[in-house]
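*Asks:* got a predicted structure here, sequence first:
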Amino acid sequence: MASLRDLGLSEYEARAYRALLRSGPTTAKELSRKSEVPMGRIYDVLNGLEQHRLVRSQDASRPKKYVAVEPEVGLDRLLEAKQRELDEQAEQYADTVDTLMDDLEAAAPVNGQFWTAAVGPEETMELILERIDAADEELIFVGGSPGVGLDLKTATGRVVERLESALERGVEVELLLTPEVLCGLPEEVNVEYNERLNKYDNYSVRTHEAVEGTFNLIDGVEVCLEVPNPLDPEQAFAMIDLKDRNFAADVREVFQPRWEDADPLKLPQHH
């Protein structure tokens, strides 16, 4: 059940405010009796309510009287204060993340090799999306086989969304696809995806017949390799993610001549 305590008031402050709303202008002594807040605490409680801007005092009257701010205004003020507090907390968390990022990156081996693997279609897709999100400078996406073990249209939609985010961040994105991969999608879907991505100067896409396998090359240091299912080569079986600068450089050497030899993607214009 909602309570004024959820918005930052103490139990005594909540009781005193409700009592003031019922009673109208009231002295501290009367308020202590009506709200059942001990007399020894009532002035602290009233000071707290004044800081929350929930009561006004009539200084001219003797003894001094207090009146509650109407609920609509009072609750707005409590909400504003809570939002300010949350904004400050969010900033503190963001600063903490920045500091931790520096600490953790400093602790990580610079040229250390690392690999991880995801098995199964959904896990494979999640790993691809995660690694697209991790790209800072450059993402090379090579699609040589249409089978990713998921509904291709849904899977591609999720990839396109993450590519848009990467492009917004200023990541250079190069897509090299076989015509077969494009044929796996309806023409209007290809057109829609291409229009969404083509708006960015840091995006380019080409097609080449002789592209084997599916992999991503991220920031020149990391390679995501799709492993086909040995029992059904059309289906993806797993994804291996390798962080190895030397291996990434070898993959880049194989990719570059194919990219230079590839054709710019031509799709009908969507009107």
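*Replies:* Yep, it's here. Numbering: from 1, shown residues only.

*Asks:* might you list the low-confidence residue ranges for this structure?
*Replies:* Residues of the chain meeting the criterion pLDDT under 70: 108-112, 145-154, 184, 233-236, 267-271.

*Asks:* now the helices for it?
*Replies:* 11-23, 28-35, 39-51, 71-107, 121-134, 152-168, 179-183, 187-198, 245-261 (DSSP state H).

*Asks:* who are the packing partners of the second one?
*Replies:* Based on contacts counted as 3 or more Cβ pairs under 8 Å, 6 or more residues apart in numbering; DSSP states H and E, the elements that helix 28-35 packs against are helix 11-23, helix 39-51. C-betas here are computed from N, CA, C, even on glycine.

*Asks:* report the contact partners of the spatially most central residue of the chain.
*Replies:* Central residue of the chain (Cα atoms, centre = their mean): residue 133, 9.7 Å from the mean position. Neighbour list for residue 133: 162, 165-166 [criterion: Cβ atoms under 8 Å, 6 or more residues apart in numbering].

*Asks:* buried subset of those residues, written for PyMOL?
*Replies:* Typed into PyMOL, the line below selects the buried ones among those, using 16 or more other Cβ atoms under 10 Å:
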select buried, resi 162+166
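
*Asks:* ok, of the contacts of residue 133, which one's closest to residue 90?
*Replies:* residue 165 (20.2 Å; Cβ to Cβ).

*Asks:* list the contacts of that closest one.
*Replies:* Contacts of residue 165 (Cβ under 8 Å, 6+ apart): 132-133.

*Asks:* what of residue 23?
*Replies:* Taking Cβ under 8 Å, 6+ apart, one finds 30-31, 34 in contact with residue 23.

*Asks:* roughly how far apart are it and residue 34?
*Replies:* Relative to residue 34, residue 23 is positioned 6 Å away (Cβ to Cβ, to the nearest Å).
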